[in-house]
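Asker: What follows is a predicted structure for the sequence shown.
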Amino acid sequence: MDYIIDVLPFMLRGFKTTLWVFAVTAIFSIPLGVLVCLLRMSKIKLVSYFMQLYILIMRGTPLLLQIIFIFFGLPLVGVVLNREVAAAVAFILNYAAYFAEIFRGGINSIDQGQFEAAKVLKLPKTSTWVGIILPQVFKIVFPSLGNELITLVKDTSLVYVLGLGDILRAAKTLSNKDASIIPLFIAGAAYLVFIGILSYVLKKVENKMAYYR
Amino acid sequence: MLVVENLNKSFGSKHVLKDINLRVKKGEILMITGKSGVGKTTLIRCLCSLENFDSGSIRFENGDEGDNSIGLVSQSFDLFPHFTVMKNITYPLIKAKKYKKQDAIKKAEELIELLGLKGLEENYEFQLSGGQKQRVAIARALAMEPQYICFDEPTSALDYKLRDSVGELIRKVASRGMGVIVITHDREFAKKYADRIFQLGA
């Protein structure tokens, strides 16, 4: 017990990193995913192809490599980002690609009649998307969105590659230093508790959207 | 007057609409009948700009030129399921016709009254019966004050017993001075409520 109290401050500092990488990615990658999705579905072929290429690269290479590339590779073309920004950019770009495809599936499952009703009622494009289509899409894709967010919590540990100390890295460091498995258990418990809370919140939001069928 | 002249439309090699000519006056009920597959729905979709046509014209004459709008009550009604009945009617008014919220609500209340939807203002689509959904779709279309309004198979999704109440509703709409175009495969219904019948694919 004393040992746990001893290592807790260090581990909590690691957990803070896990939390901010998660929060920043979630906040920015979802709107970006919507945007990528809409561009991906654009009637302008060039735009659509470009987005397909982007999605292919993001989903077709490991996130770990993408983080390394953005931090160590971009300086070669004159773009120097600090560790935190590089990590955030990599995560946001990567997750936006997955979200974009989730949204595309959602949009495709919306009845064509909804678009046509909006058109006959002469709704402007923005009102059609923001008011009619996307709210329905969000409800449809929400379970998949939640799935990705839970995966994201665990993916945050990849920031170790840039020397950022997340909770898993803190646990491994302590585990090696003290020849103890306890820090790893603490890390596991922290993930579990956090994802438990996240799942609860996701469920609450899902229930809130269940006001219509 | 809504004038359709020499309208042609093909899907690939299938020539669906061949030189269609028809006229609809305001306040008139025109029923379009014909077997399934003759292009009834395609014709209405052309009128509502949901489908492009290959040649011919759809235009407005005799002072109708200003606001050339055609409303639609589709077969599946296509209500917005995440909006209440009230918001289904007010949202297009606010977003497309730039109504103030209060004015939109006032207008919606009038139409809700007219169509006998009172008490259902806060309901969602899934809480409505087929007939109620249709009346909301009609209210939503009427709110936009189109000069012409199309009904795609208004009796098909409903209980047989509701047929006459739909007919009465359509008369009510026409009596507001709108030109009404109705697609139906129900000859009896057409005979009873139409001012004129247009037989497609005859």
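Answerer: Sure, I can see it.
Asker: can you count the residues close to A:Val161?
Answerer: Using other Cβ atoms under 10 Å in any protein chain shown, the number of residues around A:Val161 comes to 18. Backbone N, C-alpha and C define where each C-beta goes, glycine included.
Asker: If you could redo that for B:Asp159, that was the one I meant.
Answerer: 11.
Asker: A:Ala118 now?
Answerer: Neighbours around A:Ala118, by other Cβ under 10 Å: 24.
Asker: who's in contact with B:Gln127?
Answerer: With contacts defined as Cβ atoms under 8 Å, 6 or more residues apart in numbering or on different chains, B:Gln127 is in contact with B:Leu120.
Asker: swap that for A:Phe138, please
Answerer: A:106, A:145, A:209.
Asker: thought A:Leu64 was touching A:Ser157?
Answerer: No: using Cβ atoms under 8 Å, A:Leu64 is not in contact with A:Ser157; the gap is 10.2 Å.
Asker: who's more crowded, the two?
Answerer: The neighbour comparison of A:Leu64 against A:Ser157 (other Cβ under 10 Å) goes to A:Ser157, with 21 against 14.
Asker: Spit out the contact partners of the more buried one.
Answerer: A:18, A:166-169.
Asker: need the contacts of A:Phe138 in a markdown table with neighbour count and distance to A:Ser42, can you?
Answerer: Below are those laid out as a markdown table (neighbours: other Cβ atoms under 10 Å in any protein chain shown; distance: Cβ to Cβ, whole Å):
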| residue | neighbour count | distance to A:Ser42 |
| --- | --- | --- |
| A:Gly106 | 21 | 17 |
| A:Leu145 | 22 | 22 |
| A:Met209 | 14 | 27 |
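Asker: So which of those residues sit within helices?
Answerer: Residues of the contacts of A:Phe138 located in helices (DSSP state H): A:106, A:145.
Asker: Pull up the residues of chain A that are close to chain B.
Answerer: A:111, A:113-114, A:116-117, A:119-124, A:127, A:131-132, A:135-136, A:139, A:211-213 (Cβ under 8 Å from any Cβ of the partner chain).
Asker: change it to 6 Å
Answerer: Proximity of chain A to chain B (Cβ under 6 Å from any Cβ of the partner chain) is limited to residues A:113, A:116-117, A:120-123, A:127, A:132, A:135-136, A:212-213.
Asker: Quick one: mean pLDDT over stretch A:157-177.
Answerer: For stretch A:157-177, the mean pLDDT works out to 90.
Asker: first to last residue in that stretch, what's the distance?
Answerer: Start-to-end span of stretch A:157-177 (Cα to Cα, to the nearest Å) is 19 Å.
Asker: So which bits of that stretch are buried?
Answerer: Using 16 or more other Cβ atoms under 10 Å in any protein chain shown as the test for burial, stretch A:157-177 gives A:157-162, A:164-175.
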